[in-house]
Structures are given as C-alpha cells and as structure tokens.
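*Asks:* predicted coordinates and the sequence they were generated for:
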Amino acid sequence: MILTSAPGKIILLGEHAVVFGKPAIALGIDLRLSCTVSEADKSTVNGYPLTYQYHPYIHTAMRDYWRGGPLSIEISSEIPSGSGLGSSAAVTVAFLAALGAMSDDFDVEGVARRAFNVESMVQGRASPLDTSASSHGHGIFVDSSPGDDLLWHIRQDSRQWYVHHCPAPELTFVIGFTGIRASTGPLVARVRRYVERTRFAAELVDEIGQITQEGMARLRERDVEALGRLMTRDHNLLAILGVSSRELQTLVDAALPLSYGAKLTGAGGGGSMIALTDRPEEVSKAIRRRGGIPYIVQTGVDGARVERA
Ligand code: PMV
C-alpha cells in the first residue's frame, strides 16, 4: 500500500497576464490532499467503480501512465473543490506520485510533467501553474524565458513555460471562497478578446507583469507590506480587466482594512480571494460575515510527498 499527498495552491500574482507570456507566482498551501493506492480486483475510488465521468483525472492518469492491474484508490482532501485552490491538480499529482512510488520510480519533475498532460487532456487547455505548484510545493515562478532556479521547461503546441523555484517564506493568508464555481476557460477567453481589441487592456496586462516581477523581489525579502500593496494593485487591474465579481469585491473590501493586501486568486468570476495578514482570525470573521467561506493557510510547504511506501 502506498500513501502520498500533495498541496493545494494560491496564485499570488500574475493570473491572466500569464496567458500572454507574463510571469506568475503560485504558492503551495497547507491544505493537502492524500491518496492511498493498493492493488485490488477492481479499480475503485473511495469504494466506487472508477469511471471517467466521476473521476476524469484519475481515470486519464491511469489510462496513460499505469501498466499494472486494477487499483483501489482512496482520496481524502482538505482542499475545497471548485474553489480555484488547485484541488484537481492535487488529486492528479498525488495519484501520479502514488503510481510512481508503486513502480519505485517517483520523481517530482516526472510527476509535474505527467500531471500537466493529464490536466490538458481533461480540461482541453491548461497552464502548468497548478500542477507544477502542487508537485513542487513552496513557490513557483512561471516565465516565458529561463532564469535562475529553473526547475523544468514545459512545451505544448506553440506555447511554452519555464517553471522556476520561488523561495516562499512561511506567510499567513486568509482565503475567502465565494462558494461560486466559475470555470476558467470563458474568463480567459473574455480577457483575450479584450486584450486583442484594445491597447488599454494590453497595457493592463503589461502592468500586471511588472507588478509580478516586483512581487518576486518583495517575496524574497519577506517585505509583507510592499507585497500586500502589490497584491491590491494587481486585484484592481484584474477588476478593470473584468474578471472580478460583486462577491469577490465584497470579500476583498471586507479583508482590506485588516490586511497588508487582498486580491482575487486564480481565474476570478467566483472562486476565491486571498488576503495577506497578521490578523487572520479577524479577517476570517469579516469574510464569514460577508457570506464567504474562510480558510486560514500557511505557505512554505512541501510539494508531492510519498508518506508511506
Ligand atoms: O483557475 P485557476 O486557479 O487554475 O487559475 C487560472 C489562472 C489563469 O491565469 C487565469 C489561467 C491559466 O491557465 O494560467
């Protein structure tokens, strides 16, 4: 029997702009998903038959990356699904880590690459942000050219990403989940149309790129005040790009007076926001009062791990 785990993630800076080749920073968080795998007579997930309809990521991973017999798979997760916190990446990563460990062939880079392929197959078009953040943990900085601390280079069709290690100190964030599931594809398409049609939107994307570059430096220095200000500026630009929502704005406004900064995280539309704060309990209460579901999380966590082999 093999037990593995993988973390969820938040996007600290750079979502949407990353689609246009700008950098983005994602951080692993201490909400984890664990996966137990053992050989069995029939393939099941938490006791139910494994089907593509209910378990598209596990089904695809098994089809493409497993040559052995049926498996009994148990998943337990602290990451709320549909919240933009990377639960589908974490399930893919933890399961692929387990398959690797079953064949004595667990390596993080291999898991990250396979997990990106599986997400792309299931979602149609994905960036490696979620799967690489869950595989590597800590922090990752994705850019369109190679730099220091390069972890891996991922290419798909005409698109490519250089995934770097980003030193992520232990910081406390409060996540506010709106409870609304929004799908990434239409939001990305909307921003693309806006950027293709107007110079104004293209300039917003450039500015988000500059904010993210600066955020890297402030993160290294653990300058939470400057980092918070950059997060809030990023949020305002994302709102002008049209990917915030009334619910997200309400939660950001509730958190801001008690935080260094706050912003939507991930695709937007619904999903979650994050606040960087040293008053997490108060921010949690404020978020709950405004109808959000709060999670207090820490960064600076390990990526995919084999817990028991
Ligand atoms: O939906 P999430 O949390 O995986 O974030 C999507 C991030 C985008 O930049 C909007 C899209 C992408 O593929 O990078």
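*Replies:* Cool, got the structure. All values reported here derive from a predicted model rather than from experimental measurement.
*Asks:* make it CA atoms for all contacts and neighbour counts henceforth
*Replies:* Will do.
*Asks:* and Asp130, what element?
*Replies:* Using DSSP states H and E, Asp130 falls within helix 129-136.
*Asks:* now swap in Tyr162 and tell me
*Replies:* Here Tyr162 is assigned to strand 159-165, by DSSP H and E.
*Asks:* run through who's touching that strand.
*Replies:* Contacts with strand 159-165, where a contact means Cα atoms under 8 Å, 6 or more residues apart in numbering, come from 128, 132, 138-155.
*Asks:* so how far is that strand off the chain centroid?
*Replies:* Distance, stretch centre to chain centre, for strand 159-165: 15 Å (Cα atoms, centre = their mean, to the nearest Å).
*Asks:* ok, the helix or strand following that strand: who's next to it in the sheet?
*Replies:* Counting by DSSP H and E, the element after strand 159-165 in chain order, helix or strand, is strand 172-177. Partners of strand 172-177 in the sheet, by DSSP bridges, are strand 272-276 (antiparallel), strand 293-298 (antiparallel).
*Asks:* which outside residues touch strand 172-177?
*Replies:* Residues outside strand 172-177 that contact it (Cα under 8 Å, 6+ apart) are 83, 251, 271-278, 280, 283-284, 287, 292-299.
*Asks:* what pLDDT, on average, does the next helix or strand after that strand get?
*Replies:* Per DSSP H and E, the first helix or strand lying C-terminal to strand 172-177 is helix 184-197. For helix 184-197, mean pLDDT is 91.
*Asks:* how about stretch 113-126?
*Replies:* 89.
*Asks:* buried residues in it?
*Replies:* Neighbour counts using 16 or more other Cα atoms under 10 Å place Arg113, Arg114, Ala115, Phe116, Asn117, Val118, Glu119, Ser120, Val122, Ala126 of stretch 113-126 among the buried residues.
*Asks:* next, the angle from the strand holding Tyr162 to helix 129-136.
*Replies:* Angle, strand 159-165 to helix 129-136, by axes from the mean of the first three to the mean of the last three Cα atoms, to 10 degrees: 30 degrees.
*Asks:* and the ligand, which of the buried residues of stretch 113-126 contact it?
*Replies:* Ala126 (Cα under 6 Å from any ligand atom).
*Asks:* for the ligand, state which of the buried residues of stretch 113-126 is nearest.
*Replies:* Nearest to the ligand among the buried residues of stretch 113-126: Ala126, at 5.0 Å, using Cα to the nearest ligand atom.
*Asks:* coming back round to it: between which two of the buried residues of stretch 113-126 is the distance greatest?
*Replies:* The most widely separated members of the buried residues of stretch 113-126, counting by Cα to Cα, are Arg113 and Val122 (14.5 Å).
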